[in-house]
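In: Just need the structure, nothing else, for what follows:
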Amino acid sequence: MMSPHTIDVCQVLRSAVNQNYGNLLTRDTGMAVRHQIERELAANREGGITSLDFSSIGMMDYSCADEVVAKLLVLLQNDDITRGGYVVFCGIGEEHLELVESVLTHHGLALVCLCDDGCARLIGRASDAERRAWEMVRIRGHAAPAELADEFGFGEEIVARVLDDLSRRRLVRRNSTGFIALDVPDTVQ
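Out: Okay, here's the model as predicted:
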């Protein structure tokens, strides 16, 4: 079983700016942190899941959220650094959630966040159809378009198109039999 690789954003912050604090403030700091995360993601194995852990981050401003979350997601969606891998965000506390959602909405992005209760949540900009399909896959862990068509209320082609869009946005994983939620271990291939 391949376990997810975790990147502690606070440790990256301390290393990137050579400081002993856990606040993501200023665009330059966010850029330095993002560049180091990019290097770590590029060094990670192909096709795996990486967890970005924000749980030790204190304060975060808009410019850092823009650099560390939005600009990183754009690179991930273009698959510029993960070579087929996926990123799940965790430890985004209530104190950061509104800020992160604002940045994501501004850029038309969405991400999968693992909440404190261990349940995955889709945050950011997504259509109602994308949210519904994503939630259906999350609940099942794995699903093919044909399995969701009746419950979704549309034909299999429409469901397949929505799931393909979620896959392109790196919000679900695609395999030979359907789509997999990002909170399902890598052993489900």
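
In: so after the helix or strand of the chain with the lowest mean pLDDT, what's the next helix or strand?
Out: Within the chain, confidence by mean pLDDT, DSSP states H and E is lowest for helix 72-77 among all helices and strands, at a mean of 86. Sequence order places strand 86-90 as the next helix or strand after helix 72-77, per DSSP states H and E.

In: What is that next one packed up against?
Out: Judged by 3 or more CB pairs under 8 Å, 6 or more residues apart in numbering; DSSP states H and E, strand 86-90 is in contact with strand 49-53, helix 72-77, strand 110-114. Yep, even glycine has a C-beta here, placed from its N, CA and C like the rest.

In: Pull out the buried positions in the longest one.
Out: Right, the one you point to is helix 72-77. For helix 72-77, a neighbour-count test (16 or more other CB atoms under 10 Å) marks 72, 73, 75, 76 as buried.

In: Pull the distance from the lengthiest helix in the chain to the chain's centre.
Out: Assignment by DSSP state H gives helix 27-43 as the longest helix of the chain. Centroid separation between helix 27-43 and its chain, computed with CA atoms, centre = their mean, to the nearest Å, is 16 Å.

In: Which residues belonging to that helix are considered buried?
Out: In helix 27-43, counting by 16+ other CB under 10 Å, buried: 29, 30, 31, 32, 33, 34, 36, 37, 38, 41.

In: Tabulate those in JSON lines, adding columns for pLDDT and distance to residue 105.
Out: Shown next, in JSON lines, are the buried residues of helix 27-43 (pLDDT from 0 to 100; distance: CB to CB, whole Å):
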{"residue": "29", "pLDDT": "94", "distance to residue 105": "23"}
{"residue": "30", "pLDDT": "95", "distance to residue 105": "18"}
{"residue": "31", "pLDDT": "96", "distance to residue 105": "21"}
{"residue": "32", "pLDDT": "96", "distance to residue 105": "25"}
{"residue": "33", "pLDDT": "96", "distance to residue 105": "22"}
{"residue": "34", "pLDDT": "95", "distance to residue 105": "19"}
{"residue": "36", "pLDDT": "94", "distance to residue 105": "26"}
{"residue": "37", "pLDDT": "93", "distance to residue 105": "22"}
{"residue": "38", "pLDDT": "89", "distance to residue 105": "23"}
{"residue": "41", "pLDDT": "86", "distance to residue 105": "24"}
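
In: Contact partners for residue 89?
Out: 51, 52, 54, 69, 111, 112, 113, 114 (CB atoms under 8 Å, 6 or more residues apart in numbering).

In: Remind me what the least confident helix or strand of the chain packs against, helices and strands.
Out: helix 27-43, strand 86-90, helix 94-107.
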